[in-house]
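1. Fold the following.
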Amino acid sequence: MKNNLNFLIEISKLKEIPRTGWVLRKVKKPETIADHTFRVAMANWLLGKKTKFNLGRIIKRSLAHDFCEVYAGDVTPFFYFIRDLPKNKKERKKFLRKYVRLLRRKKSQRGKEKFNLEKKSLLKMIKFLKPKMREDIFSSWLDFEKRSSREGDFARQVDKIETLLQAIEYFGIGKNSPASGWWEESEEIVEHPLLLEFLKTSQKKFYGKVAGT
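-> Purely as a prediction, here's the structure:
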């Protein structure tokens, strides 16, 4: 029980860690990692219930996917492009608007570094738990990262959709809104028919139309 208590105390730190991407974009009072995790889990519950997948597995992957960030911090994909960030204010703003697309071209060379850091941090986080619980959390995280099961793949797609919604809420839908980058990334990653339908519904709500119509 002592180790369980300590684990719960440690993961509570996620309630205090702001999401790095929003901080870099100077969002006032940005959401925390725990805020993000809550809506990812809720979205997976709502949408996963409409599939034939194992709903419990989907929700576990949603909850576990950011546990590693207690020690690793929110190592967003953008973290690895800080060295490329222009100093000129105008160029910096332009870069920030496009960085999601830049990631798609470079993720293979820096993705491994991010994965290893987060794996090490997660193992540190769960090492005091009972073996069965350790295995459950680790396998849930790994499945989410690798998208190696239907449930892990679904949860990962929903994670991208939730981040897209948050970007729209922060930046709006104007012509120069950075949210366009998240739309592009979501359209590349989201494949499940149910989630594609959800994206179309979102596009109709925010833009008043659906792509291709």
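
2. now the helices for this structure?
-> 2-11, 20-24, 33-48, 55-64, 69-72, 89-126, 131-146, 150-171, 179-189, 193-207 (DSSP state H).

3. Throw those into a markdown table and include mean neighbour count, thanks.
-> (Glycine included, C-beta is placed from N, CA and C.) Listed next are the helices of the chain as a markdown table, based on neighbours: other C-beta atoms under 10 Å:
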| stretch | mean neighbour count |
| --- | --- |
| helix 2-11 | 12 |
| helix 20-24 | 19 |
| helix 33-48 | 19 |
| helix 55-64 | 22 |
| helix 69-72 | 20 |
| helix 89-126 | 15 |
| helix 131-146 | 17 |
| helix 150-171 | 21 |
| helix 179-189 | 18 |
| helix 193-207 | 14 |
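
4. which stretches of the protein aren't confidently modelled?
-> Applying pLDDT under 70 to the chain flags residues 75-110, 209-213.

5. go with 90
-> In the predicted model of the chain, residues 20-26, 72-115, 128, 173-182, 184-185, 187-188, 207-213 satisfy pLDDT under 90.

6. Residue 190 versus the residue most central in space within the chain, what's the distance?
-> Closest to where the C-alpha atoms of the chain average out (C-alpha atoms, centre = their mean) is residue 159, at 4.8 Å. Noted for residue 159: a distance of 10 Å to residue 190, by C-beta to C-beta, to the nearest Å.

7. check contacts around residue 177.
-> 168, 171 (C-beta atoms under 8 Å, 6 or more residues apart in numbering).

8. if you set the cut-off to 6 Å instead, what comes out?
-> residue 171 (C-beta atoms under 6 Å, 6 or more residues apart in numbering).

9. and the spatially closest residue to residue 207 that is not a sequence neighbour, how far is that from residue 117?
-> Excluding the flanking residues, the one nearest residue 207 by C-beta to C-beta, 6 or more residues apart in numbering is residue 173, at 6.2 Å. Residue 173 sits 34 Å away from residue 117, going by C-beta to C-beta.

10. Same check on residue 203?
-> 34 Å.

11. cool, and residue 200?
-> Separation of residue 200 from residue 117 (C-beta to C-beta): 36 Å.

12. How about residue 166?
-> Relative to residue 117, and taking C-beta to C-beta, residue 166 is found at 23 Å.

13. and the residue nearest to the centre of the chain, what is it in contact with?
-> Contacts of residue 159 by C-beta under 6 Å, 6+ apart are residue 40.

14. Please tell me how far it sits from residue 194.
-> Note on residue 159: its distance to residue 194, by C-beta to C-beta, is 15 Å.

15. what's the answer for residue 58, then?
-> Using C-beta to C-beta, one gets 12 Å for the distance from residue 58 to residue 194.

16. What of residue 182?
-> 19 Å.

17. for residue 19, same thing?
-> Taken as C-beta to C-beta, the span from residue 19 to residue 194 is 26 Å.

18. Same question for residue 56.
-> 18 Å.

19. likewise residue 20?
-> Per C-beta to C-beta, residue 20 is found 30 Å from residue 194.

20. same deal with residue 169?
-> Taking C-beta to C-beta, one finds residue 169 at 22 Å from residue 194.

21. Kindly report the same for residue 40.
-> From residue 40 to residue 194 the distance is 16 Å (C-beta to C-beta).
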